[in-house]
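Asker: I would like the atomic coordinates for the input below:
(chains A and B)
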Amino acid sequence: MQDLAILLWPAPKSPPLPIWTFRKGSAKRSAMTVQTPNSFRNQPDERGHFGQFGGRYVAETLMPLILDLEQEYRKAKADPAFQAEFDDLLEHYVGRPSPLYFAPRLTEELGGAQVWFKRDELNHTGAHKINNCIGQILLAMRMGKTRIIAETGAGQHGVATATVCARFGLPCVIFMGATDVERQKPNVFRMKLLGAEVVPVTAGAGTLKDAMNEALRDWVANVHNTFYIIGTAAGPHPYPELVRDFQSVIGKEARAQMLSRIGRLPDLLVAAIGGGSNAIGLFHPFLDDASVKMLGVEAAGHGLDKEHAASLAGGRPGILHGNKTYLLQDEDGQITEGHSISAGLDYPGIGPEHSWLKEIGRVDYTSVTDVEALDGFQLLCRTEGIIPALEPAHAIAAVKKIAPTMGKDQIILANLCGRGDKDIFSVAEHLGVSL
Amino acid sequence: MTRLSSAFAKGRPALVTFVTGGDPTPDATASILDALVEGGADVIELGMPFTDPMADGPAIQLANLRSLGAGTKTADILRIATEFRARHPEVPLVLMGYANPMTIRGSEWFAAECVKAGVDGVICVDIPPEEDPELGPALRAAGVSLIRLATPTTDAARLPAVLDGSSGFLYYVSVAGITGMQQAAQASIDEAVARIKASATIPVAVGFGVRTPEQAGAIAKVADGVVVGSAFIDLVEKHGADAAGPIKELTAALAAAVHSARREIA
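Answerer: Sure thing, here's the model as predicted:
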């Protein structure tokens, strides 16, 4: 625990670029940061690359559609009517802005930095996933697509997709690993109530990666009428960019809320990472605020030396699901199965922008185990009366380690990206309680 | 003339056959490849197994899993290719698979291994022309053909980019979909092949969903080659290590239909 704190605070380990300090003076900055990008916020390049990561590694059948999607997204982004409709739905349907909450008892218990939460678990459908689904279904309709498909792990993205499909009256097919169907029954039922067809995928280990393979297979066969709503900031360009943009509402709101509530920015942002959409959504609007450090928290499962889902900590760059990024794989490039107590983090890859942010050193990444996440889960229940999802429970576990090492005048802002109702049964099982 | 161009210059359409390397075991693949050659296949595609074959239907997915389950490594595939080349000096051999196993040790490494193993060409499902630098330059520098895929969604504006840097042959995927499922209507294949052949200077082979001698013969009337895969994989699934006999039989029937397709209309 101390090790992590020393690594992360107060100075990052041998930073490749003086990014933590370049805001001290603009004159000095230009002299001392020759290699520092002018902005960390203008990725990807025109070919969809974040440094060496990202790209468009898809079958030829999908390539023309991906190019169309990019073109249509550029037009939508420049269209005030599109933005207005997106904002309106976020406000009146999703319930945004989500609150920014100071957690007094958790702060007191940890005895260090003030802990604040961005309450995206209060969104309609109970997680941040809906932000992205609203954006993508508006794009789908702009492109004249009449059928929606999606993959899901924990079921949160599946529920959010089924929700927007019901809202706009489009047929919806959700691919979900058979293992996940078993461990996320409440969400499977929710999706069905919302009118979606849920297809259990038995290939591989029956988790998120297999669901994504099957969604890609469906998409290739139905490319003329089908829009694939990818749930995280990964996949072929332009998905990592557009998912990030739609999720950036989290960070934009949080930044404005912090400034208006206490007149300053947080010192550290913390978010859990599976594919990384809630983390990039929180981080991206702050990337050029040099005083703000960031920590992404991967799932260490049973431990980094055993089965886990920490692609950055235990993987290396490779190509899967349309993008180049850090992947859990063997020496031949065969993808290995991830493991996490959290179905939403149980993925052997990570969004390409996180791979880039790790490589340039702008964001630090760590990992917490299943056991630590369960502890974080219970800690938040007990101290704040908030039942978090197992995904943000990983972020809470990281906060628990770091907050005591920071001063009481310092501020941590963590993303509470989902609520825990869906996880009650699996948490009970892990705690040895029979319901 | 390369082995690949010779295979398409025999004065008749070519039969291109696909099996997954290492299915059901690495040791069983040699006799299966020999059966394809003895049955009359003109080009052999050897599939490199991958954990996540997202362009493949259930038959080839299972073949990939059987192969990996039997412990097949990239080194085994390269050994199978090397030994094939020693037994069959003239038959073109193409590796087909996904980007990650091909590029994980660097594209130069892969290209050099292809040369050492006597591999004539490479088909990579998930590297479109937009990501050519990932693999294309290394293969071209090593003299290994990069065989690209064109599909029903590859329109006239896009076709030149697909052809640019391709060699050996162009693999026309006749259906927007995954391997081994439905076959495209013959009329749409005729139209697409005619359109592509108007721009292509390399042979055009048509595959996806082709299972019977009748289908293969019909396609061979218009295309330079016909690719059959899942029908062989089904035989491997059914007969396991004893699949060579039935595979040779099916190959012979397909070869007869493909090789004689033009004669019937002449």
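Asker: Tell me which residue of chain B lies closest to chain A.
Answerer: Using CB to the nearest CB, the closest approach of chain B to chain A is made by B:I104 at 3.4 Å. Every C-beta, even on glycine, is put in place using the N, C-alpha and C of the backbone.
Asker: With adjacent residues omitted, what lies nearest to that residue?
Answerer: Counting by CB to CB, 6 or more residues apart in numbering or on different chains, A:G333 is the residue found nearest to B:I104 once chain neighbours are left out, at 3.4 Å.
Asker: Next, count neighbours for that neighbour.
Answerer: Using other CB atoms under 10 Å in any protein chain shown, A:G333 has 24 other residues around it.
Asker: follow-up on the earlier one: tell me the contacts of the residue of chain B closest to chain A?
Answerer: The neighbourhood of B:I104, defined by CB atoms under 8 Å, 6 or more residues apart in numbering or on different chains, consists of A:G318, A:Q329, A:E331, A:D332, A:G333.
Asker: Any of the residues you listed buried? List them.
Answerer: Of the members of these, the ones counted as buried by neighbours, 16 or more other CB atoms under 10 Å in any protein chain shown, are A:G318, A:Q329, A:D332, A:G333.
Asker: Any stretches of the chain with poor pLDDT?
Answerer: I'll assume chain A. Along chain A, the model assigns pLDDT under 70 to residues A:1-36.
Asker: my bad, chain B
Answerer: Those would be B:264-266, if you go by pLDDT under 70 across chain B.
Asker: Nearest the geometric middle of it, what residue?
Answerer: B:E45 (3.9 Å; CA atoms, centre = their mean).
Asker: Tell me which other helices or strands the longest strand seen in chain A touches.
Answerer: Longest strand of chain A, by residue count under DSSP state E: strand A:293-301. The criterion is 3 or more CB pairs under 8 Å, 6 or more residues apart in numbering or on different chains; DSSP states H and E, and the helices and strands that strand A:293-301 contacts are strand A:268-272, helix A:277-283, helix A:311-314, strand A:364-369, helix A:370-384, helix A:390-402.
Asker: so which of those comes closest to chain B?
Answerer: Distances from chain B to each of those were compared by CB to the nearest CB, and the smallest falls on helix A:311-314, at 13.5 Å.
Asker: could you say what helices and strands the closest one packs with?
Answerer: Using 3+ CB pairs under 8 Å, 6+ apart as the contact criterion, the elements in contact with helix A:311-314 are strand A:293-301, strand A:322-327, helix A:352-360, strand A:364-369.
Asker: follow-up on the earlier one: buried deepest among the helices and strands packed on strand A:293-301, which one?
Answerer: Compared across those, helix A:277-283 shows the largest average neighbour count, a mean of 31 (mean count of other CB atoms under 10 Å in any protein chain shown).
Asker: got the contact list for stretch A:96-112?
Answerer: Applying CB under 8 Å, 6+ apart, the set of residues contacting stretch A:96-112 from outside is A:90-91, A:113-120, A:122-123, A:131, A:249-250, A:253-254, A:257-258, A:261, A:379-380, A:383-384, A:399-400, A:402-408, A:410, A:413, A:416.
Asker: Please identify the nearest residue in space to residue 196, excluding sequence neighbours.
Answerer: If you meant another chain, say so; for now it's chain A. Ranked by CB to CB, 6+ apart and with sequence neighbours excluded, the top spatial neighbour of A:A196 is A:A162, at 3.7 Å.
Asker: Chain B was what I was after
Answerer: Taking CB to CB, 6+ apart, and ignoring the residues beside it in sequence, B:I196 has B:V204 as its nearest neighbour in space, at 5.4 Å.
Asker: Hmm, that neighbour is touching B:G168, no?
Answerer: No. Taking contacts as CB atoms under 8 Å, B:V204 lies outside contact range of B:G168: 11.2 Å.
Asker: Going along the chain, name the strands of the stretch 151-300 of chain A.
Answerer: With DSSP state E, counting those that start in this stretch applied, the stretch 151-300 of chain A shows strands at A:172-177, A:197-201, A:226-228, A:268-272, A:293-301, listed in chain order.
Asker: Figure out how far the last one is from the centre of its chain.
Answerer: When distances are taken as CA atoms, centre = their mean, to the nearest Å, strand A:293-301 is centred 11 Å away from the chain's centroid.
Asker: Each with direction, which strands does that strand pair with?
Answerer: strand A:268-272 (parallel), strand A:364-369 (parallel) (DSSP bridges).
Asker: Please give me every residue in contact with the closest residue to chain B within the stretch 301-435 of chain A.
Answerer: Among residues of the stretch 301-435 of chain A, the one nearest chain B by CB to the nearest CB turns out to be A:G333. It sits 3.4 Å away. Applying CB under 8 Å, 6+ apart, we find A:G333 in contact with A:G318, B:F50, B:T74, B:N100, B:P101, B:M102, B:T103, B:I104.
Asker: Can you confirm whether stretch B:77-94 lies near chain A?
Answerer: No. Counting by CB under 8 Å from any CB of the partner chain, chain A is not contacted by stretch B:77-94; separation bottoms out at 9.4 Å.
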